[in-house]
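[1] A predicted structure for the sequence below; I have some questions about it.
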There are 2 protein chains.
Amino acid sequence: MHRQRIRNPQFWDRVVSAEDAASLIKDGMTVGMSGFTRAGEAKAVPMALAERARTDPLKITLMTGASLGNDLDKTLAEAHVLSRRMPFQADPALRKAINAGEVMFIDQHLSETVEQLRTHQIPPIDIAVIEAVAITEQGGIIPTTSVGNSASFAILADKVIIEINLSQSDELEGLHDIYIPSHRPTRQPIPVVSPESRVGFPFIPIDPNKIAAIVVTEKLDSSSTILPPDSDTRAIAGHLAEFLGNEVRKGRLTNELQPLQAGIGTIANAVMHGFIDTPFHNLKMYSEVLQDSTFDLFDAGKLDFASGSSITLSAQKYQQVITELSRYKHQLILRPQEISNHPEVIRRLGLICINTALEFDIYGNVNSTHVGGTHMMNGIGGSGDFARNAHLSVFVTKSIAKNGKISSVVPMVSHVDHTEHDVDILITETGLADLRGLAPRERAQTIIANCAHPSYRDDLADYYRRAVIRGGHTPHLIEEAFAWHAAFREHGTMKPGA
Amino acid sequence: MHRQRIRNPQFWDRVVSAEDAASLIKDGMTVGMSGFTRAGEAKAVPMALAERARTDPLKITLMTGASLGNDLDKTLAEAHVLSRRMPFQADPALRKAINAGEVMFIDQHLSETVEQLRTHQIPPIDIAVIEAVAITEQGGIIPTTSVGNSASFAILADKVIIEINLSQSDELEGLHDIYIPSHRPTRQPIPVVSPESRVGFPFIPIDPNKIAAIVVTEKLDSSSTILPPDSDTRAIAGHLAEFLGNEVRKGRLTNELQPLQAGIGTIANAVMHGFIDTPFHNLKMYSEVLQDSTFDLFDAGKLDFASGSSITLSAQKYQQVITELSRYKHQLILRPQEISNHPEVIRRLGLICINTALEFDIYGNVNSTHVGGTHMMNGIGGSGDFARNAHLSVFVTKSIAKNGKISSVVPMVSHVDHTEHDVDILITETGLADLRGLAPRERAQTIIANCAHPSYRDDLADYYRRAVIRGGHTPHLIEEAFAWHAAFREHGTMKPGA
């Protein structure tokens, strides 16, 4: 069967075992692998590499699109194969190694990695390992459920290993739109002018002589781990819908809104799902990850088109979508993450962007990544690409965590991923703060009143009141700004006086 | 003489006194005025408004391009005319009012203000007050030494007051390129593909019926206040030149480099001036403010072209440039700040961006705005627009301030304007840290070793060493992270144990 997927017989003799392919990867190499938010990652070669490392220790720099499924980051981290990892991850075992200083993690805006590669500002890719549905007659690679950084990795690498995954539907062919921006400083505009714009090839064009090995696999993508909506996430979705309804009434938006982006995860997925029960219609998405909610919105007749860089679904949704892919296909495009997340395109299209905060402060600065200001959770991902260039930059989170021992609204965030300049709207289950056109002192009052959990509201107001006495554009008690974080570290709760 | 500058006689009877024009501005209005980095601001009407407020108190929201000259922000602040001010300022008296909470200051990325105005996300402009060289036959406004936000203010305002400044050379005509992006979500690419691209009109096209008053003035722009290069700024320029030379040797750049941007102020101007003594040639600028160094580089035969949003010069340089403007004119364009600072264009052109930090931390986060984490200095200006989208994002500062009582390199910045994701290169007089492709722990080591002042180096290393024991991707002692700032506040020096 795999010979049908390798359309030029001259490539057939390059089919080898995963172990043989992995043997091309040498100690010290930089390896670029496919994979974006648990979708479309190379599966067999990295597993074989981890296995080999048990007897033949080696270290590599691993670049991907974003996070990997099938416990690959866990397996590679535990096999001590990773010396450096970029630009994103979401695995508990790898996270542990990163926070212990064993793996050097370079946390990047997802649009920027290949720009740095192309200009030789970071070490070059020695080998790319890319999962594919098929290889075209000319040696072009047809990706599977994600594009991520695969196109640039394959184009820039010295050698390419292709994993033909027979379990990935050949209906995926035609979904991808591979466009690589031209060289600077003579680059031309990126011609994407709507989520539907097709501007590139449906495959990754590479020099076929670079195909060093082909491996045949059958493993499925991992399912997404999102939780179903709960009362808090429904409340957050409700606040957003009410706010957008007001924007429509004020003539700032129409009921078609503007193209939507949503970060990965339970809250963003629930918020998107909430659009089913709104008066908005003929919606479009220009996002990174297309989750269950995207297809729920298609099925509800609410969504006309979705552009992303990957499709990451729950097990149940995956079965439905993949068997009916031909039905959805004319409404979908998968792009390189450089394009799905490109500042040029995001700003041009005027996106409404919904991303998740770990914590935010009374002035609207957002921490998306660092627990306690020090320990990496996943990475900034695309949130910076989107929030900075959005028409409306929305951040959502529940107002408390750990049964109320953590307030998601704090005097000062312990790490800044998004500055107040890049945050328009903050939403928790308790309410929404519209920060547009407000100075920091005004921001503090609306954030405390609308977004803080009742059990922390007075404490935040007290901090703010005492800070204002000292003055300043952004009043703070600098010696006390992290007292809540320090208290949680020492006593297991942020609650002052607890 | 002013009648030659008002080219359609039907507008002649709209010439009134500054006082009469100012009377059109009512309490509670939002007023958009020309002016960007002390260049091309409306001069007579705001002065008349401040004067009027002595007997007829009123409050307005004032939007400009950036900072104003001729002590206008001081005069307006001291007359208590300003209730809100955006998106930038650089005046000590206004700063005092902002930090006292008397003026609500909205500190914005300079590319974003008119995007928010156009989409009605902030209150609309009631009246625009724009300085002009002349008014065309059709009522088009020819700006003077800056464009800033003048074009969108005039286009979006209900009424427009034009100040014809007879002291501004009519040679300025033809320098401006007025392009306004089309509406979203159907916007087309901005067609600027090089610093030289001319894509718009040489005047601001408005409905002539909106011209409510014309005032004739003669006051000059204020001179810039930059200081001449000193040994520290020369050392910073030297480190940058050496670094760029290495980039050329590694084949990452050519000796023509890529278009340059430099922030306003003494250090950035000195660094740009330093290019005179480098092997780089046929340089181009795509920047905000064109300072003395731009014209020094033209005169030295180093610079081929400069695109900006304003020209701000020392008194001496101004006299030379303005009398020889015809000589420079074919090498200059002044654009709306939305275009000079547009993420789309900055990323496309691949700029080398040099901006000034107030302080930066051992992980590469930059504070550009807040003294002690609370008190506003000037504003983020365009630094975020450029740093985020640069090919190379460089921040410069002297390693110490206040005779060594302040270290510009701190354990954690007390306010974040630019996150580590947006900072490639840090330079002080002591050296340069190349952060590209480095994880936070690696960043800390190179920043401490290369950029910290010797008198603080061991203290920073000690903080880092103790933080690493606790672990984390970005190790910190959260309860001690601002100890240096607190010490400065209490004891007047950051020096631990002093």
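    Done, it's in. Numbers count the residues shown, from 1 in each chain, chains lettered A, B, ... in the order given.

[2] Burial check on the closest residue to A:Cys451 other than its chain neighbours, number of neighbours?
    In space, and not counting its chain neighbours, A:Cys451 is closest to A:Thr428: 4.6 Å by Cβ to Cβ, 6 or more residues apart in numbering or on different chains. In short, each C-beta sits where N, CA and C put it, glycine included. Here the number of neighbours of A:Thr428 (other Cβ atoms under 10 Å in any protein chain shown) works out to 26.

[3] do A:Thr225 as well
    Using other Cβ under 10 Å: A:Thr225 sits among 12 other residues.

[4] isn't there a strand covering it?
    No: going by DSSP: H, G, I helix; E, B strand; the rest coil, the assignment for A:Thr225 is coil, not a strand.

[5] what's it in contact with, if anything?
    Residues counted as contacts of A:Thr225 (Cβ atoms under 8 Å, 6 or more residues apart in numbering or on different chains): none.

[6] Please report how far it lies from A:Ile142.
    Look at A:Thr225 and A:Ile142: by Cβ to Cβ, to the nearest Å, they are 27 Å apart.

[7] now do A:Ser223
    23 Å.

[8] higher neighbour count, these two?
    A:Ile142 (25 against 16).

[9] How about the contacts made by the more buried one?
    Contacts of A:Ile142 (Cβ under 8 Å, 6+ apart): A:132-136, A:172-173, A:176, A:202-204.

[10] Is it in a helix, a strand, or coil?
    On the three-state scheme (three-state DSSP), A:Ile142 is labelled strand.

[11] Just grab the bridge partners of it for me.
    Beta-bridge partners for A:Ile142, by DSSP bridges, are A:Ala134.

[12] Counting residues, which helix of chain A comes out longest?
    For chain A, the helix that runs over the most residues, judged by DSSP state H, is helix A:231-249.

[13] Give me the buried positions along it.
    Residues of helix A:231-249 classed as buried under the neighbour-count rule (16 or more other Cβ atoms under 10 Å in any protein chain shown) are A:232-241, A:244, A:247.

[14] What is the helix or strand containing A:Ile214 packed up against?
    Applying DSSP states H and E as the criterion places A:Ile214 in strand A:211-217. Using 3 or more Cβ pairs under 8 Å, 6 or more residues apart in numbering or on different chains; DSSP states H and E as the contact criterion, the elements in contact with strand A:211-217 are helix A:18-22, helix A:44-53, strand A:127-135, strand A:159-165.

[15] Any chance of the ones you listed in JSON lines with mean neighbour count as columns?
    Formatted as JSON lines, the helices and strands packed on strand A:211-217 follow (neighbours: other Cβ atoms under 10 Å in any protein chain shown):
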{"stretch": "helix A:18-22", "mean neighbour count": "20"}
{"stretch": "helix A:44-53", "mean neighbour count": "22"}
{"stretch": "strand A:127-135", "mean neighbour count": "28"}
{"stretch": "strand A:159-165", "mean neighbour count": "27"}
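
[16] Take these and write them to TSV, including mean pLDDT.
    Compiled in TSV, the helices and strands packed on strand A:211-217 are given as follows (pLDDT from 0 to 100):
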stretch	mean pLDDT
helix A:18-22	98
helix A:44-53	98
strand A:127-135	98
strand A:159-165	98
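
[17] looking at those, which is closest to B:Ile276?
    strand A:127-135 (43.7 Å; Cβ to Cβ).

[18] residue contacts, A:Thr144?
    Taking Cβ under 8 Å, 6+ apart, we find A:Thr144 in contact with A:34, A:39-40, A:131-133, A:165, A:168, A:172, A:221.

[19] Name the nearest of these relative to chain B.
    Top of the list for closeness to chain B, among those and by Cβ to the nearest Cβ, is A:Ser34 at 20.9 Å.

[20] Cross-check the contact I'm expecting between the closest one and A:Glu41.
    Yes: counting by Cβ atoms under 8 Å, A:Ser34 does reach A:Glu41; the two are 5.8 Å apart.

[21] who touches both of those two?
    A:64, A:131, A:146.

[22] Now distance to A:Leu432 too, for those, in CSV please.
    Shown next, in CSV, are these (distance: Cβ to Cβ, whole Å):
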residue, distance to A:Leu432
A:Thr64, 35
A:Glu131, 40
A:Ser146, 32
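
[23] Excluding chain neighbours, what is closest to A:Ala90?
    A:Ala90's closest residue in space is A:Ser67 (Cβ to Cβ, 6+ apart), at 3.8 Å.

[24] ugh, wrong one, I meant A:Thr30
    Here the residue nearest A:Thr30, using Cβ to Cβ, 6+ apart, is A:Thr61, at 4.3 Å.

[25] do the same with A:Ser23
    A:Arg52 (7.3 Å).

[26] Touching, that neighbour and A:Asp20? I think so.
    No: A:Arg52 is beyond contact range of A:Asp20, at 10.7 Å (criterion: Cβ under 8 Å).

[27] Helices of the stretch 51-200 of chain A, start to end?
    Remark: helices assigned in the stretch 51-200 of chain A by DSSP state H, counting those that start in this stretch are A:72-78, A:92-99, A:113-118, A:150-156.

[28] Would you mind listing what in the stretch 51-200 of chain A touches chain B?
    By the rule Cβ under 8 Å from any Cβ of the partner chain, the part of the stretch 51-200 of chain A lying against chain B is A:84, A:86, A:98-101, A:104-109, A:112, A:116, A:119-123, A:184-191, A:193-194.

[29] The residues you listed in strands, which ones?
    A:84, A:86, A:104-105 (DSSP state E).

[30] top of the residues you listed by neighbour count?
    Among those, the one with the most neighbours (other Cβ under 10 Å) is A:Phe105, at 25 neighbours.

[31] how's chain A carved up into domains?
    Split into domains by automatic domain parsing, chain A comes to A:2-217, A:231-491.

[32] Figure out which of the ones you listed is closest to B:Ala439.
    Among the domains of chain A, the nearest to B:Ala439 by Cβ to Cβ is domain A:2-217 (3.7 Å).

[33] Now do the end-to-end distance for the closest one.
    9 Å (Cα to Cα, to the nearest Å).

[34] got it, and stretch A:20-36?
    From the first residue to the last, stretch A:20-36 extends over 25 Å; the measure is Cα to Cα.

[35] What of stretch A:137-145?
    End to end - Cα to Cα - stretch A:137-145 spans 21 Å.

[36] Run the chain-centre distance for it.
    A distance of 23 Å separates the centroid of the chain from that of stretch A:137-145, by Cα atoms, centre = their mean, to the nearest Å.

[37] rewinding a little: what pLDDT, on average, does the longest helix of chain A get?
    Per-residue pLDDT over helix A:231-249 has a mean of 97.

[38] Can it be said to contact chain B?
    No: Helix A:231-249 does not reach chain B (Cβ under 8 Å from any Cβ); its nearest approach is 8.8 Å.

[39] what's that helix packed up against?
    Short answer (3+ Cβ pairs under 8 Å, 6+ apart): helix A:231-249 packs on helix A:266-273, strand A:392-396, strand A:425-428, strand A:431-434.

[40] switch to 6 Å and redo it
    helix A:266-273, strand A:425-428 (3 or more Cβ pairs under 6 Å, 6 or more residues apart in numbering or on different chains; DSSP states H and E).
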